[in-house]
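Student: What follows is a protein structure lacking sequence information:
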């Protein structure tokens, strides 16, 4: 096997391995959030806090989200800079900037290697009939590219990404 082929296969294996890790982490975090029965109101408070810290300290928060690929939800990873939270007409929207750091087709990327993307997220309560009518919070992208089910970790934060947000 040629050296270049071997390296390409190795990089592909690493991407699939990372994808598997992110999928597992996403499922565990989603289950924990659903089991805690966090409401949209509490989630909104968390995002407001992220926006405050973003304005004061340039804080970016690690986020996992799903992207639809021909009907299959694939977990992606990035860093989210929350610019502001708007409550208007019964809906809560979050204006943010996303720095993508992992997508299966691109593999692992350092923040800033891909273009920062402005996103609008919506926070809402969802009724799950499959779990005895449980009410769970969801955060989905409303303005774009097949990205849904954002899970942003308030305890995984960086302050060094501001130069990449332009």
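Tutor: Sure, I can see it. Owing to the predicted nature of the structure, the values given are computational and were not obtained by experimental measurement. Numbering: from 1, shown residues only.
Student: taking the mean pLDDT, what do you get for stretch 125-145?
Tutor: What stretch 125-145 shows for mean pLDDT is 82.
Student: now what about that stretch, what contacts it?
Tutor: Stretch 125-145 has contacts (Cβ atoms under 8 Å, 6 or more residues apart in numbering) with 33-34, 37-40, 42-43, 65, 67, 93-94, 117, 119-124, 147-152. Every C-beta, even on glycine, is put in place using the N, C-alpha and C of the backbone.
Student: for it, which positions count as buried?
Tutor: 136, 137, 138, 139, 140, 141 (16 or more other Cβ atoms under 10 Å).
Student: Please apply the same query to stretch 53-63.
Tutor: 53, 54, 59, 60, 61, 62, 63.
Student: again with stretch 62-72
Tutor: For stretch 62-72, the buried set under the neighbour-count rule, 16+ other Cβ under 10 Å, comprises 62, 63, 64, 65, 66, 67.
Student: was I right about the fourth one contacting residue 150?
Tutor: Yes. With contacts defined as Cβ atoms under 8 Å, residue 65 counts as touching residue 150 at a distance of 4.5 Å.
Student: For residue 50, grab the count of nearby residues.
Tutor: 23 (other Cβ atoms under 10 Å).
Student: Tell me the predicted confidence for it.
Tutor: Looking at residue 50, its pLDDT is 97.
Student: Helices of this protein, start to end?
Tutor: 3-36, 40-57 (DSSP state H).
Student: To residue 77, which of those helices lies closest?
Tutor: helix 3-36 (5.7 Å; Cβ to Cβ).
Student: Between helix 40-57 and the closest one, find me the angle.
Tutor: With axes from the mean of the first three to the mean of the last three Cα atoms, to 10 degrees defining the directions, helix 3-36 sits at 130 degrees from helix 40-57.
Student: For helix 3-36, which helices and strands make contact with it?
Tutor: Helices and strands touching helix 3-36, by 3 or more Cβ pairs under 8 Å, 6 or more residues apart in numbering; DSSP states H and E, are strand 60-69, strand 72-88, strand 91-103, strand 107-108, strand 134-141, strand 147-158.
Student: can you redo the ones you listed as JSON lines with distance to residue 28?
Tutor: Formatted as JSON lines, the helices and strands packed on helix 3-36 follow (distance: least, Cβ to Cβ, whole Å):
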{"stretch": "strand 60-69", "distance to residue 28": "10"}
{"stretch": "strand 72-88", "distance to residue 28": "11"}
{"stretch": "strand 91-103", "distance to residue 28": "17"}
{"stretch": "strand 107-108", "distance to residue 28": "20"}
{"stretch": "strand 134-141", "distance to residue 28": "15"}
{"stretch": "strand 147-158", "distance to residue 28": "10"}
